[in-house]
Structures are given as structure tokens and as C-alpha cells.
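A.B. asks: Provided below for reference: sequence and predicted model.
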Amino acid sequence: MILLTECVVLAIAGVLIWHASRVEGWGFVMVFWGGGMAVGLLREWTVVHFTPLYSYGDFFLQLGGIPLIMAVFWSNFAYVALRWSENILGSAFITRERTDEHHPLVFLVMAVISMAVEAYASQFHMINWEAEPVLTLWGGTPAIVPFGYGAMGLLFLIAFRAVWRRWQDRLEVALSWLILLSPVIILVQLGFLLVVKALLGLLFGSPPELA
């Protein structure tokens, strides 16, 4: 089942990349999925090796204990959230001067995606939760997970929008800046999770630590 899941994720990435190339062009694809690769692999490596949140099951394709599909995982879902928010609002996220109305929709779409993905991953032991959650949802998944997905999708899209609007005519510079911003995105997202868990701890009587 894990190998099938890896193949499906890669196939989905192929479809989304094809769609993005037709709608936005290959330069967009290079920066979006290239930056997403840096964010995805670095974030999961940081979480697995420096926090007691979770570990992964027996994936076939791994690099340093991180499933290689994580190279496209976050950018895949961020692209879906981007398109859903644009379709619902009827306005472009990248080109508009103000995008405040997109932010809650992106967050919500990512949170909804997490409910399906994490339920599936937990059921087939693709992810092993090691944290002591304040509150659990499906399959022992901590209640902070939808917040984590929402924050990651939103932070990545905000960062991408900033570099793309500034350097879309210099793709290598745009990609370099997005990669350089990866640690900032990850630290802000993990810090946000810490705050959410602390608030849940105050509400449900659990200590405010991340794990």
C-alpha cells in the first residue's frame, strides 16, 4: 500500500505540473515545485530529526529517513489550494495587489486536505505520531495537524508570490530566494504550531510544549 501511495503522489504531481505548465508556463513550474522541494524535504528532515512529533513508516523511496514524495507533497497541495481559492473568488492570487481574501480560503482548503491525508496515512501506518497530543482527531492524529497544513500552504504561497512578482523574469534568482526563505517558512510554521498547541493545552489542561 505504501508503494502504491508513493506512485499515486508522484502521478498527481505529474498531473498538477502539466496543468501549471499550460496555465502559467514552465518557469512557474520550476520555481514553484523547485522551491516546494526545498521546503518539503527540509521541513520533514527538521521535524523527524529535531522534534518528537512523528516518524515515518517503511517507505520504499527515502532520503535520510524522509520519504522522497515529500519533495512534491507540500507544493502539490499548495497548488490545489491556490487554484481553489482563485476559482472560488474569481481573482488571481499572484497578480492582485492585495490578496487578504485568499488567505482564509487557502488555509481552509489545506486544513480540509489534511483530514483526508492524515486519516489515510494513520490507518496504513505511514506516519507514527510520537508526540503527546492535547487533543486527537482521527486515528490518533493530533488536533494541531489541520493548523499545520493551513499554515504551511499559506506561508509557502505568500513567499512564492513575493519572489515571483519581483523576479519572474529572472527564474534562477526567484528560485534561489524561495529556497533561501525555506528555513524561515519552516520556523514560522513550527512556531505557529507551538502556539496552537499551547492554546489547546490551556483549554484542555495539557502542558504547552510542542510534544
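C.D. replies: Good, I have the coordinates.
A.B. asks: On the pLDDT front, check Glu209 for me.
C.D. replies: Glu209 is assigned a pLDDT of 45 by the prediction.
A.B. asks: again but with Thr99, I slipped
C.D. replies: For Thr99, the predicted pLDDT is 79.
A.B. asks: who are the neighbours in contact with it?
C.D. replies: Contacts for Thr99 (Cβ atoms under 8 Å, 6 or more residues apart in numbering) come out as 93, 161. For glycine as for every other residue, the C-beta is placed from the backbone atoms N, C-alpha and C.
A.B. asks: Which positions in stretch 61-80 come out as buried?
C.D. replies: By 16 or more other Cβ atoms under 10 Å, the buried positions in stretch 61-80 come out as 66-80.
A.B. asks: How about stretch 34-54?
C.D. replies: So, applying 16+ other Cβ under 10 Å, buried residues of stretch 34-54: 34-48, 53-54.
A.B. asks: so of those residues, which ones are in strands?
C.D. replies: In strands, defined here by DSSP state E, the members of these are Tyr54.
A.B. asks: so where is this structure shaky, pLDDT-wise?
C.D. replies: 131-135, 138-140, 205-211 (pLDDT under 70).
A.B. asks: Do a quick rundown of the helices in it.
C.D. replies: For the chain, the helices defined by DSSP state H cover 2-23, 26-50, 70-89, 102-123, 145-167, 171-180, 182-204.
A.B. asks: Out of those, which is closest to Glu130?
C.D. replies: helix 26-50 (9.8 Å; Cβ to Cβ).
A.B. asks: what packs against that closest one?
C.D. replies: helix 2-23, strand 54-56, strand 66-67, helix 70-89, helix 145-167, helix 171-180, helix 182-204 (3 or more Cβ pairs under 8 Å, 6 or more residues apart in numbering; DSSP states H and E).
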